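Q: Have a look; sequence and predicted model below, questions after that.
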Amino acid sequence: MVAKVFISGFVQGVGFRQHIKKKARSLGLTGWIRNLQDGRVEALFSGSREKIEEVISECNKGPFLAEIKNVTVEWVDLDEEYTGFKII
């Protein structure tokens, strides 16, 4: 399964990407996470639906200083293979 996730709120400059990267890696997920020009963060998670839903739950909390306003999830069909989880 693959999910593309968009997180909005106060999510840049607070360690959000590093926080989610650590969680994704601990769950054995692959993919990436990046800042967007409009202030949101975008992530792509690949793995089991159960593990992806767990990291999405963490996206709704974020690290201590983050203020999450909205998390949008798109379940997608992608044939790409990902190795590891990166901040791009």
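A: Everything's here; your move.

Q: Look up phi and psi at residue 15.
A: Here is the backbone geometry of residue 15 (degrees, to the nearest 10): phi 80, psi 20.

Q: so residue 56, which of the three states?
A: When classified by DSSP: H, G, I helix; E, B strand; the rest coil, residue 56 comes out as helix.

Q: ok now do it, which residues does it touch?
A: Listed by C-beta atoms under 8 Å, 6 or more residues apart in numbering, the contact partners of residue 56 are 3, 5, 45, 71, 73. Heads up, the C-betas are built off the backbone N, CA and C, glycines and all.

Q: gap between the second one and residue 57?
A: Read it as residue 5. Taking C-beta to C-beta, to the nearest Å as the measure, residue 5 falls 11 Å from residue 57.

Q: More neighbours: those two, which one.
A: Using other C-beta atoms under 10 Å, the more surrounded residue of residue 5 and residue 57 is residue 5, with 21 against 11.

Q: Leaving out chain neighbours, which residue sits closest to that one?
A: Leaving aside its chain neighbours, residue 5 sits nearest to residue 43 (4.7 Å; criterion: C-beta to C-beta, 6 or more residues apart in numbering).

Q: who's in contact with residue 58?
A: With contact taken as C-beta under 8 Å, 6+ apart, residue 58 is in contact with 19, 20, 23.

Q: What is the nearest of those residues to residue 33?
A: Relative to residue 33, the closest of the contacts of residue 58 is residue 20; by C-beta to C-beta it sits at 5.5 Å.
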